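Asks: sequence first, then the predicted structure:
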Amino acid sequence: MVNFMKNIYKKGVVKISVFMITVFMASLLMIGCDNETTPSLYDPAKPKGETPEITSISPAGTALAGVSEITITGKNFSTVKEENTVYFNGTLATVLDASSTQLIVKAPNLILDGISIKIAVYKVTDFSNSVTYNLKAAVEKVFDFKDFEVPNGLTTDSDGNIYMSFTYQGGTGGTRKLTPTGTLSEWAPRGSETFHTALKWYNGDIYAARRQKVLFKVSAGQKPVTYVSSNTALGNIYDFDFDPDGNIWGGGDNTGNNAGVYRIKPDKSIKTFAFDGNIKSIRIFKENNVNLYVYVAATQDNEEAIFRAKIISADSLTAFEKVFSLTEKYGADFPAVSVLAVTFAADGDMIIGTNMTDPVVVVHPNGSYETLYPGLLGPNALLFAWGPGNNLYYTREKTGTTAQVVMRVDMQKAGAPYYGRN
């Protein structure tokens, strides 16, 4: 019995000792905490930076989705561009440049009205104020075409109507008119043609080509009639354009003795100017509003390029010269590159349509060049027609599962004149 009580006593002393040691160590820790405070994750006394503020946005109200550079003016932005986050709703914009009072961003590809723009700055707790903005499409299909509806050659009038040579599965649809409000209707019935490769509006009528030694005239509600035809003086005409005096300049896939650019006067007399090559597009352009040129997009000696000749008179041209070679600029990357169309903006920019993935190239008057709206257009740009304002239309060729349609491109600038349209 005595030994049993001794064991209990010893165990009790051990438990009490352990308890006392635990209390003692806890007291030491508490004393240590009083003397050395653990740092907080949030220190209200530490400055957090001034809240960013938006005061204005340029261009005001609206810009092009995926294209425009937008300038945001305000205050309390970071001078390090990576420290600024600009939200268009929940979509991030790319910050291109930054100062404490201005951010330059590229608009995201978000086509929407009523977008909320706000800014977050690194290490600043609060967002900026929110500003409402609109982003519109830079490129879009002009009409919800059905799978069996195929637009080919196209032209526009001064009221913004688009005219298209139409084909359906198993036949032709004649010439169709698409109004600016989106109404598609028959403008002229079909003739014997399958479709026209090129259309041009001139003084209320449409002139048309279709890879034959003939030009047609199409009037509202009437079947096409032959305007001029010659098996000896003309080659196959694929495209053409009017000059200020009403002369027509045309060309096509012609080689050999009758190869060239064909001038057709209003009296229907024809003259051939030598050019040995496959012409896919022709455009008349007055450079600096002084010198008049005929430009051709063509394949010549296995080179895809733009050529031009100065028009001295209806009966006289200078020799054709090469002004831009797609083969030289893009041949290494795109061995099968083809030039398909050419036109001009009012400021002298040359617009070239190609079969490349990004199909439109802009060549500036100083000779520099760039891809238009990378990733937005899609191949292939077959034919061009400027509308009123800043709209350029092109026929996008069928590729794979993509149908042949007409696309509208907001060029942010006007086109050069079409003679006889206005």
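Replies: Structure's in. What do you need? For clarity, every value in this text was computed on a predicted model and none was experimentally measured.
Asks: low-confidence ranges in this protein?
Replies: Low-confidence segments of the chain, defined by pLDDT under 70: 1-48, 169-170, 255-258, 332-335, 422.
Asks: same thing but 50
Replies: For the chain, applying pLDDT under 50 flags the ranges 1-42.
Asks: residue contacts, Ile206?
Replies: 155, 163, 175, 188, 199-200, 217-219 (CB atoms under 8 Å, 6 or more residues apart in numbering). No exception for glycine: its C-beta is placed from N, CA and C like everyone else's.
Asks: so of these, which ones are in helices?
Replies: In helices, judged by DSSP state H, none of the contacts of Ile206 are found.
Asks: make CSV from these and add neighbour count and distance to Val225 to it.
Replies: What follows is the contacts of Ile206, written out as CSV (neighbours: other CB atoms under 10 Å; distance: CB to CB, whole Å):
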residue, neighbour count, distance to Val225
Thr155, 26, 17
Tyr163, 25, 17
Thr175, 29, 13
Ala188, 21, 11
Leu199, 25, 15
Lys200, 26, 16
Lys217, 15, 6
Val218, 26, 8
Ser219, 14, 8
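Asks: tell me which entries of the residues you listed lie within strands.
Replies: Among the contacts of Ile206, the members falling in strands (DSSP state E) are 155, 163, 175, 188, 199-200, 217-218.
Asks: in a markdown table, list those residues along with distance to Gly353.
Replies: Below are the ones in strands among the contacts of Ile206 laid out as a markdown table (distance: CB to CB, whole Å):
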| residue | distance to Gly353 |
| --- | --- |
| Thr155 | 15 |
| Tyr163 | 19 |
| Thr175 | 22 |
| Ala188 | 26 |
| Leu199 | 16 |
| Lys200 | 17 |
| Lys217 | 26 |
| Val218 | 24 |
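Asks: farthest pair within these?
Replies: Maximum pairwise distance in the ones in strands among the contacts of Ile206, criterion CB to CB, is 14.2 Å, between Ala188 and Lys200.
Asks: if you count contacts, what does the particular helix or strand that has Glu370 in it end up packed against?
Replies: Secondary structure from DSSP states H and E places Glu370 in strand 369-371. Using 3 or more CB pairs under 8 Å, 6 or more residues apart in numbering; DSSP states H and E as the contact test, the elements touching strand 369-371 are strand 360-363.
Asks: which residues in the stretch 301-422 of the chain form strands?
Replies: 303-313, 316-317, 321-325, 339-344, 350-354, 360-363, 369-371, 381-386, 391-396, 405-410 (DSSP state E, counting those that start in this stretch).
Asks: Ile248: how many residues sit nearby?
Replies: For Ile248, the neighbour count with other CB atoms under 10 Å is 26.
Asks: which parts of the strand holding Glu370 are buried?
Replies: Across strand 369-371, burial judged by 16 or more other CB atoms under 10 Å covers 369, 371.
Asks: how far off centre is that strand?
Replies: Strand 369-371 sits 12 Å away from the centroid of its parent chain (CA atoms, centre = their mean, to the nearest Å).
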